[in-house]
Structure formats: C-alpha cells, structure tokens
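S.K.: what follows is a predicted structure for the sequence shown.
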Amino acid sequence: MDADHLYGQLAVIGERIESAGEQITTEEATKTSLVLPFFTALGYDVFNPAEVVPEYDAGLGEMKDKKVDYALHIGGRPVIIVECKALSVKLSNKHINQLFDYFIRTEVKFALLTNGDDYWLYSETNKPNVMDEEPFLRLTLSGLSTRHVEELTPLCKPTYDLKTALPRAVELRNLSFIRKAIKSQLANPSDDFVKLIASEVPGKFTAAKVENLRGQVKSALEEHLRSEGKKAVTQILDTQTQPGTAEPAPTDTSIEADESEDDSDGIETTPEEFEGYYIVKAICAEVVLPARIHLKDRKRYCKILLDDRVQKPICVFKFGSRRMSVDFYDQDSESQTVEISNTAELYNHKDRILASLRRLL
C-alpha cells in the first residue's frame, strides 16, 4: 500500500478526533468511529467476518471465556490481535495482559493496543511466541508522523509481508533502545563511554582523568549538535531563497480563535523571531516534515505551532528589546519559561523542543 495514500486516510480519522472527539465517550463509540475506519485504511474489509473477527476467542483451556476485541485475518489465519480502550483512556502497558495471554497461545506475530487515537504495535522481537513488553511502533492519528505511517505499510492487508514486517519490527525495537541510550549518554556520559570517545587522547586513564574528560566529552558532543543544527538551518534558508521553492509565509489557517486582544494590526515579525523559528524548524525536522512547523506572530509573543494549530504549541517566543524568554511545553500541559540571551541558545534546549513536539504526536 502506498504510504502517501495511507497517510491521507489516517489523517481523515485524526481530523475526526479533533472535531468530534468529545462526542466519542465510550469504548463502543471508539471502535465504531475510529478503530474500524483504521482497519479499513489498512485494507481490511470490516464487513467481512473472515477478515475482521470481533470478540475473537481462541478457545484455549482456561481462557475460553476471555476474548480479545478483534483479530485481523489474512487467508483464513489471524495475523494481528487487537485490544481496544475508550478514546478517553490513556494507554499504558498495564492494558496488555490479555493481548499477552493470547499472543503466547496463538500463531500471530503482531498485537495492537489502541484507544482510537494512539496505536501501539507489539511483536516478538525478543523471544519467539512471547509478546514484547514494549511496543516497537507508536502511532498517533491526531498528530501523524510520516515516518511512522511508512513503518505501518508492511502490516496493511494489500502489502502484508511477514518476512519484511518482523525484521523491521526488530530494527525499530533496537532503534528505540539505541535512542534512549544515546540520550542517556548525552545527559550523563558513563565511564565506558568517556573512555571510548576519548580513546584518542594520549595518556593512561585514571579515575581522575576520566572524571575530568567527562565534562569535556559532553561539551564536545553538545558543540557538535549545535554545529549540525546550524548547518540544517542554513540548508533550510538556502532552499527557501531558491526560485520556486520558497515556503509560503506562515499564516494562521486553523479554525481556532486565539486570544481576542491579540489582533493582527501592527504586528511585525522581527529578525530574531524568524531566526528562532528556523532553528526550531530545523530541530523538529528530525521527527516531522519541516512544512508541519509554523509561526504565528502576535504583538507580545510569537508561537511556534505544529500543523498551524493553536492548541498544538511547541514553544512560545517572548523576545523584547531587553529580555528574551521561551516558554516550553515539555512537561504535561504547563508551560516552563526559560530566559535566553540570544536565539543560538535554542540549540541548548533541543531536548525540550523535541519533547514538546513529541507530546503532540
């Protein structure tokens, strides 16, 4: 299945969540309005009981009275078992017990936990016939990531390929652990990591030397990340100055109204705000397409938004003539204000920017 076509179909369901999510209050409503259309987008015929089997019962011993919400079949064999929760339920691994029990007793290689918006996919990347405790892919329809949609295509009915999907699940699982390890080492390099990176430094490694080098290694890594970020910003700016490739000026196309006292009269986006915008855009390009990052300027502040929607702020610039600060949204929904002396310092807050972004995906 073409990833662009799949993205378009899933985006429609995501828009339904934003426009009518408050009316989807029960698990059954979640299944009807969101989950079944999701199966349809993946190419399964929800009206064919040979493909989409509700209340799937494997009929295995003491579990004969327990049923999983759905099993998706191809060629008469189950390929994905599905556990559904209401849209209002925040998913967690405490919800996977029933999936785990069925997974170990059936021939399926994939399991799905969903609340209609979030879709967590599990497999057996660690031990055969035993479902992993952590999902190898997390997909959110109200904040679609193109990369995640592409990873979903091997599980679509028209393109289902176990020989492709299972190894890719292993790769995605490994990447998840690698990213966590890299983030941990960047925050606090271990002795072994310091020794590895500083192996070119002459002399013997003593405890004191390792401790002294730890800060230097961390500084060098941060300097490298800032340098790479600046290159990305330059590339974006260069692309936008080429004939025929300029991105339209950020405008507010969302239907939500912002604060009423902030009308557009007299607003002038400053060079510092544009520079900050392009820095954030470059940082976010690691996760989403740059075109999804937008600027919304107001008289007293400047918002950087995902998908140009005011309810999806990544950060807010408050750049005055004497004071510059940034509000981040990386912790729950409350903003955290940080003062900066220049826009280049945004690179020091890359993790916070990406955390704010990922909260919206």
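M.R.: Nice, I can see it. Numbers count the residues shown, from 1 in each chain.

S.K.: run the chain-centre distance for stretch 13-32.
M.R.: Between the centre of stretch 13-32 and the centre of its chain there are 20 Å (Cα atoms, centre = their mean, to the nearest Å).

S.K.: same question for stretch 275-284.
M.R.: The answer for stretch 275-284 is 18 Å, by Cα atoms, centre = their mean.

S.K.: same deal with stretch 31-47?
M.R.: Centroid separation for stretch 31-47 versus its chain: 22 Å, with Cα atoms, centre = their mean.

S.K.: what comes into contact with it?
M.R.: Stretch 31-47 has contacts (Cβ atoms under 8 Å, 6 or more residues apart in numbering) with 1, 6, 9-10, 12-13, 16-17, 20, 24, 51-52, 69-70, 72, 82, 84, 87, 114, 116-117, 119, 141, 152, 155-159. The way it works is simple: take the backbone N, C-alpha and C, and place the C-beta from them, glycine included.

S.K.: quick one, which of the residues you listed are buried?
M.R.: Neighbour-count burial within the contacts of stretch 31-47 applies to 1, 6, 9-10, 13, 16-17, 24, 51-52, 69-70, 72, 82, 84, 87, 114, 116-117, 119, 141, 152, 155-157, 159; the criterion is 16 or more other Cβ atoms under 10 Å.

S.K.: so of the residues you listed, which ones are in helices?
M.R.: 6, 9-10, 13, 16-17, 152 (DSSP state H).

S.K.: any chance of those residues in a markdown table with distance to Ala187 and pLDDT as columns?
M.R.: As requested, those are exported to a markdown table (distance: Cβ to Cβ, whole Å; pLDDT from 0 to 100):
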| residue | distance to Ala187 | pLDDT |
| --- | --- | --- |
| Leu6 | 36 | 89 |
| Gln9 | 39 | 91 |
| Leu10 | 34 | 91 |
| Ile13 | 36 | 91 |
| Arg16 | 39 | 89 |
| Ile17 | 34 | 88 |
| Leu152 | 31 | 89 |
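
S.K.: please convert the residues you listed to CSV, extending it with distance to Glu273.
M.R.: CSV is the format used below for these (distance: Cβ to Cβ, whole Å):
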residue, distance to Glu273
Leu6, 36
Gln9, 36
Leu10, 33
Ile13, 34
Arg16, 34
Ile17, 31
Leu152, 36
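
S.K.: hang on, Leu305 in a strand?
M.R.: Yes - under DSSP: H, G, I helix; E, B strand; the rest coil, Leu305 sits within a strand.

S.K.: now do it, the pLDDT please.
M.R.: You'll see Leu305 listed with a pLDDT of 92.

S.K.: beta partners for it?
M.R.: His294, Pro313 (DSSP bridges).

S.K.: how near is it to Val52?
M.R.: 37 Å (Cβ to Cβ, to the nearest Å).

S.K.: downstream of the lowest-mean-pLDDT helix or strand in the chain, the next helix or strand is which one?
M.R.: The weakest-scoring helix or strand in the chain, judged by mean pLDDT, DSSP states H and E, is helix 207-240 (a mean of 69). Once the chain leaves helix 207-240, the next helix or strand it forms, by DSSP states H and E, is helix 271-284.

S.K.: the chain: strands as residue ranges?
M.R.: 52-56, 68-74, 77-84, 110-114, 118-122, 137-140, 293-297, 302-306, 313-319, 324-331, 334-340 (DSSP state E).

S.K.: tell me which of those strands sits nearest to Gly203.
M.R.: Among the strands of the chain, the nearest to Gly203 by Cβ to Cβ is strand 334-340 (37.5 Å).

S.K.: what's the closest one in contact with?
M.R.: Counting by Cβ under 8 Å, 6+ apart, 316, 323-330, 346, 349, 352 sit against strand 334-340.
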